[in-house]
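>>> Give the three-dimensional model of this entry:
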Amino acid sequence: MTIKGSCHCGAVAFEIDGEIPPELTRCTCSFCAKRGALLAYFSPGQFKLVPAPSGDTAYRWKTRAVAHHFCPLCGCATYSDSPDFQRDGSWDGQTRRIGVNARLFDDFDAATADVTVIDGRHLW
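Numbers count the residues shown, from 1 in each chain. Purely as a prediction, here's the structure:
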């Protein structure tokens, strides 16, 4: 299955080769709590920007290990490229993942999905 989505203005659009996870993730770290995204995680090989944007707009905080991408025109939080953190905050030092804002998926109401809360406020 191909999941498609985009920001509000359509300047950042993406396709994902995969299924929408049965549960989305809400992180409570200081940034994610203000951002408000509900994340669906995929491997980097499953995620593709279409077309690839000419510029990269990302916010990196603290350790700079996570790139939180957003549309430079409408400001929508689009996706994050991050270490593949486990629920206890550990990471193998190599594997990465893409956390896509499921609120941007075409024909999908993220507000009705099951959500797992990660205590990012105390993990990172």
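>>> and Trp61, that's in a helix?
No: according to DSSP: H, G, I helix; E, B strand; the rest coil, Trp61 belongs to no helix; its state is coil.
>>> Check it and give its pLDDT.
With respect to pLDDT, Trp61 has a value of 84.
>>> ok, the closest residue to Asp17 other than its chain neighbours - contacts?
Spatial nearest neighbour of Asp17, excluding adjacent residues (C-beta to C-beta, 6 or more residues apart in numbering): Gln46 at 4.7 Å. Glycine gets a C-beta too; all of them are placed from N, C-alpha and C. Neighbouring residues of Gln46 by C-beta atoms under 8 Å, 6 or more residues apart in numbering: 16-18, 98.
>>> swap the cut-off to 6 Å and go again
When the contact criterion is C-beta atoms under 6 Å, 6 or more residues apart in numbering, the partners of Gln46 are 16-18.
>>> Mind giving me the PyMOL select for those, buried ones only?
Selection of buried members from the contacts of Gln46 for PyMOL, criterion 16 or more other C-beta atoms under 10 Å:
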select buried, resi 16+18
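>>> The contacts of Gln46 in helices, which ones?
The members of these all map outside helices under DSSP state H.
>>> just checking, which of the contacts of Gln46 belong to strands?
16-17 (DSSP state E).
>>> Out of the contacts of Gln46, flag the one nearest to Tyr79.
Distance to Tyr79 across those (C-beta to C-beta) is lowest for Ile16, with 9.6 Å.
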